[in-house]
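Colleague: Structure for the following, please:
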Amino acid sequence: MKATPKTAEVICQVLTERIMQGDFSASGRLPSERSLSEQFSTTRITLRDALGQLESQGMIYRELRRGWFIAPPRLSYNPLHRSHFQAMAERQGREALTLVLDARQIKATASQAEKLGMQEGEEVYRIRRVRHIDGRAVLYVEHYLNPAYFPGLLQLDLTRSLTHLYQEHYGILYGHARFTMMPTTLPALAASELKTAAGSPALFITRINRDQYNHIIDCDCEFWRYDALYIDIEA
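Modeller: Numbers count the residues shown, from 1 in each chain. I've put the predicted structure just below:
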């Protein structure tokens, strides 16, 4: 007797129960879409509807050409804490990793120059990095720095915390900062590095940093996977 096809709602319920029971915890990966379609006697369209619902709930996430995975707990992010990425992750019992894509001196665009209090066309440092939590790429960030404060910085180990490098090599401490946060979609480069599709939802955070003497020293432009963090602020 042919099995009755399952609706997206039923698939969501069953998969949620299996995830909660730890059925996929050994690998952290769901079976292929083809396998799941067969298990639920449904079409790929219906299955993807169900998977999309679970993704929107933050239970699973997709990596291009790799499949679907159980989503780890979101990282708590408090912009009022002047803590660097690795320290923030480790405080929450998570493992952090930073990869440097490139680091070079470029001419500032009008937008970059305005954020740094400089003139368009002046030389700035640009550092592009991808940051991982528990082996998952969650953050693509572009750092723009005023080179006047950091001579020789590009020759240092940029997988380390910039906060520590500033203090150790230049005696510079972070002072005040200005944050802006907005929902957005991932541009192609950020999406590729985060192993998801261009246009996927993301949280875009811009942070303009000043030093202990109130000089603007750098600007961070961060693209986070929307399901990788939550904002937690106590005023």
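
Colleague: Show the end-to-end separation of stretch 185-201, please.
Modeller: 4 Å (C-alpha to C-alpha, to the nearest Å).

Colleague: nearest residue to the residue nearest the centre of the chain other than its sequence neighbours?
Modeller: Centroid-nearest residue in the chain, with C-alpha atoms, centre = their mean: Leu139, separated by 2.2 Å. Using C-beta to C-beta, 6 or more residues apart in numbering and skipping the chain neighbours, the partner closest in space to Leu139 is Arg131 (4.2 Å). (Glycine included, C-beta is placed from N, CA and C.)

Colleague: cool, and Gln112?
Modeller: Excluding its sequence neighbours, the residue lying closest to Gln112 (C-beta to C-beta, 6+ apart) is Tyr144, at 5.2 Å.

Colleague: I'd assumed Cys219 was in contact with the one you found.
Modeller: Yes: contact criterion C-beta atoms under 8 Å: Tyr144 and Cys219 qualify, at 4.7 Å.

Colleague: Can you pull the residues that touch both of the two?
Modeller: Shared contacts of Tyr144 and Cys219 (C-beta atoms under 8 Å, 6 or more residues apart in numbering): 112, 115-116.

Colleague: among those, which are in helices?
Modeller: 112, 115-116 (DSSP state H).

Colleague: Now do the residue nearest to Gln112: how many residues are near it, please.
Modeller: 22 (other C-beta atoms under 10 Å).

Colleague: quick one: it is in a helix?
Modeller: No: per DSSP: H, G, I helix; E, B strand; the rest coil, Tyr144 lies outside any helix segment and is strand.

Colleague: Return the distance of it relative to Gly117.
Modeller: 12 Å (C-beta to C-beta, to the nearest Å).

Colleague: Run a quick neighbour tally on Gln53.
Modeller: Counted by other C-beta under 10 Å, the residues lying close to Gln53 total 17.

Colleague: can you pull the buried residues of the helix or strand where it lies?
Modeller: In the assignment (DSSP states H and E), Gln53 maps to helix 44-56. Buried residues in helix 44-56, defined by neighbour count with 16 or more other C-beta atoms under 10 Å: 46-51, 53-55.

Colleague: what do you get for stretch 209-217?
Modeller: Neighbour-count burial for stretch 209-217 [16+ other C-beta under 10 Å]: 209-211, 216-217.

Colleague: Just the ones in helices from the residues you listed, please.
Modeller: Reading helices off these, I find no matches (DSSP H).

Colleague: Rebuild these as CSV, extending it with distance to Leu80 and pLDDT.
Modeller: Shown next, in CSV, are those (distance: C-beta to C-beta, whole Å; pLDDT from 0 to 100):
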residue, distance to Leu80, pLDDT
Asn209, 14, 96
Arg210, 15, 96
Asp211, 18, 97
Ile216, 19, 98
Ile217, 19, 98
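
Colleague: between the residues you listed, which is nearest Glu122?
Modeller: Glu122 lies nearest to Ile216 out of the buried residues of stretch 209-217, by C-beta to C-beta, at 12.9 Å.

Colleague: Name the nearest residue to the closest one, sequence neighbours excluded.
Modeller: Gly117 is the one closest to Ile216 (C-beta to C-beta, 6+ apart), at 4.5 Å.

Colleague: any idea of the pLDDT on that neighbour?
Modeller: You'll see Gly117 listed with a pLDDT of 97.

Colleague: one step back: which strands or helices does the helix holding Gln53 pack on?
Modeller: helix 8-20, helix 33-39, strand 60-63 (3 or more C-beta pairs under 8 Å, 6 or more residues apart in numbering; DSSP states H and E).

Colleague: For the longest one, give me every contacting residue.
Modeller: Spelled out, that is helix 8-20. Residues contacting helix 8-20 (C-beta under 8 Å, 6+ apart): 6, 24, 30, 36, 40, 42, 46-47, 49-50, 53-54, 59-60, 70.
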